[in-house]
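> Dropping a prediction and its sequence here:
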Amino acid sequence: MFLKQILRPRVLVSIGAALGLLASAAVAGALLRNAPSSHHASSPSKPARNVVSPGNTAPTTAAPSTTTTTGLAQPPFAALPPLPPNGLRVGASGPVVAAYQQRLVDLHFDPGGVDGHYGGDMAYAVTALQKIYGLPRTGRLGDAEAMALAGFRYPPPLAPDGEPNRTEIDVGKQVLTLYQNNQVRLITTASTGSGEYYCYTDKYRPVRVCENAYTPSGKYSYNRFVSGWDESPLGHLYNPFYFNGGIAVHGYPSVPSSPASHGCVRIPMTISQYFHTLVNKGDPVYVFGGTDGPGRVTYTPLPPPTTAAPVPPPGAPGPSTPPPSTAPPTTATTKKP
């Protein structure tokens, strides 16, 4: 009877398959990977804030949470309204959309607020949910997504012994999770290095660099933030917070559901507007499932620029000509073959 409150009768025949999907996802999340061995100092985190875009409705207070043996607070079950026959997608609107937006906010996804409109930000949030549960990355909300949201459980941390305030980037799932005080503060879809081989001119040296678009695994720390658009040899990054050389978490107008960047960690623009207020310089960044190194990198010095001959201004005298020769002319003899 409890499941009938959140599922339509036509969905009951697929309960067993859906529950099996959730169980498989939980088992997959339990496969923890060892944290890298390097260490960076961590600075105190800013006070927690609601993950809601400026000007949007703030989330309501969720019911008391349960706690796992590792101290990660898990959200309670939620009775959500039934979906329309074809589910929800971008362009939908109404109170049912608002109810699922509220659930996403309570779980620390960011659907762009609770306004009853299914926009691009909600599609990004649903995509992050689909990535966690191994569902098709469509950005649409159907019966499987509704079940996942109703009984959602946070996957075990990838760095269970990591610092209380940290960022975990799962390259395999293309998901970024931010922890504050060992609790989930934000979950967002991300797009990391595509692996493609590309070339560019170094921003600071006359060198042509060719390398693979990798996001290396490891433990790093946030070290430099640039407000607004930061121009790089490969394009523009919005509000980038760098943590590994030229690799940053940054906003970008397009965040595909698969790896597509030159190595950075793209996140939705709406989230990038406030992400830097949730972290500090020195906070650790764990990257799991990436590469073990930069790949094939070549450096080719560029030739020095050529200096063109100066062009005389208009009216200036031209180059001097040698005086005519005064020697007597010579007579040439042509031999016939």
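Done, it's in. Numbers count the residues shown, from 1 in each chain.

> Spell out, range by range, the helices that occur in the stretch 1-150 of the chain.
15-29, 95-106, 120-133, 143-150 (DSSP state H, counting those that start in this stretch).

> Packing partners of the shortest one?
Right, helix 143-150. Applying 3 or more CB pairs under 8 Å, 6 or more residues apart in numbering; DSSP states H and E, one finds that helix 143-150 contacts helix 15-29, helix 95-106, helix 120-133. Placement of C-beta: from N, CA and C, glycine included.

> which intervals of the protein have sub-threshold pLDDT?
Flagging of the chain using pLDDT under 70 yields the residue ranges 1-70, 293-295, 307-337.

> Quick one: list the elements packing against the longest strand along it.
Of all the elements of type strand in the chain, the one with the most residues (DSSP state E) is strand 235-244. Applying 3+ CB pairs under 8 Å, 6+ apart, one finds that strand 235-244 makes contact with strand 218-221, strand 224-225, strand 229-232, strand 247-251, helix 269-272, strand 284-288.

> make it 7 Å
strand 218-221, strand 229-232, strand 247-251, helix 269-272 (3 or more CB pairs under 7 Å, 6 or more residues apart in numbering; DSSP states H and E).

> Near N182, how many other residues are there?
Per other CB atoms under 10 Å, the neighbour tally for N182 reads 16.

> please begin residue numbering at 184 from this point
With 184 as the first residue, the last one maps to N365.

> Next up, the contacts around it.
The neighbours of N365, taking CB atoms under 7 Å, 6 or more residues apart in numbering as the test, are G254, L255, P347.

> Let me know whether the last one touches N364 as I believe.
Right, P347. Yes: if you go by CB atoms under 7 Å, P347 and N364 touch, sitting 5.0 Å apart.

> Among these two, which residue is more densely surrounded?
Comparing P347 with N364 by other CB under 10 Å, the one with more neighbours is P347, at 13 against 10.

> Report whether the more buried one is found in a helix, as I expect.
No: using DSSP: H, G, I helix; E, B strand; the rest coil, the assignment for P347 is coil, not a helix.

> Now do the contacts for it.
Per CB under 7 Å, 6+ apart, neighbours of P347: Y362, N364, N365.

> Closest to V470 out of the residues you listed?
Y362 (14.5 Å; CB to CB).

> hang on, the earlier thing: looking at the contacts of P347, spot the one nearest D385.
Out of the contacts of P347, the member with the shortest distance to D385 (by CB to CB) is Y362, at 35.0 Å.

> give me the element V367 is part of.
strand 366-372 (DSSP states H and E).

> other SSEs contacting that strand?
Under the contact rule (3+ CB pairs under 7 Å, 6+ apart), strand 366-372 is packed against helix 303-316, strand 358-363.

> So which elements touch the shortest one?
Under the contact criterion of 3+ CB pairs under 7 Å, 6+ apart, strand 358-363 touches helix 303-316, strand 349-353, strand 366-372.

> would you turn the ones you listed into TSV with distance to T398 and mean neighbour count?
Converted to TSV, the helices and strands packed on strand 358-363 look like this (distance: least, CB to CB, whole Å; neighbours: other CB atoms under 10 Å):
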stretch	distance to T398	mean neighbour count
helix 303-316	16	24
strand 349-353	8	24
strand 366-372	15	22
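
> Relative to A262, which of the ones you listed is closest?
That would be helix 303-316 among these, by CB to CB, at 17.8 Å.

> can you give me the angle that closest one makes with strand 349-353?
Angle of helix 303-316 versus strand 349-353, following axes from the mean of the first three to the mean of the last three CA atoms, to 10 degrees, is 70 degrees.

> residues of stretch 471-491 that come out buried?
Under the neighbour-count criterion of 16 or more other CB atoms under 10 Å, stretch 471-491 has F471, G473, T474 buried.

> Kindly report the same for stretch 289-305.
Per 16+ other CB under 10 Å, stretch 289-305 contains these buried residues: 289-305.

> residues in contact with D385?
Per CB under 7 Å, 6+ apart, neighbours of D385: V392, P416.

> Out of the helices and strands packed on strand 418-427, which is the most enclosed?
strand 430-434 (a mean of 24; mean count of other CB atoms under 10 Å).

> who's in contact with A311?
Counting by CB under 7 Å, 6+ apart, A311 has contacts F292, V358, I370, T371, T372.

> For those, which two are the farthest from each other?
F292 and V358 (10.4 Å).

> any shared contact partners between those two?
A311, I370.

> just to revisit the earlier point, dump the helices and strands packed on strand 358-363 into TSV; add distance to R407 as well.
Shown next, in TSV, are these (distance: least, CB to CB, whole Å):
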stretch	distance to R407
helix 303-316	26
strand 349-353	15
strand 366-372	21
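
> Please identify which of the ones you listed is closest to G334.
Between the helices and strands packed on strand 358-363, helix 303-316 lies closest to G334; by CB to CB that is 10.9 Å.

> Give me the angle between the closest one and strand 358-363.
90 degrees.

> residue contacts, G473?
Per CB under 7 Å, 6+ apart, neighbours of G473: V354, T375, Y397, T398, P399, S400.

> wouldn't the fourth one be in contact with V354 here?
Translated: T398. Yes: using CB under 7 Å, T398 makes contact with V354 at a distance of 5.8 Å.

> Tell me how far Q366 lies from K402.
Distance, Q366 to K402, by CB to CB, to the nearest Å: 20 Å.
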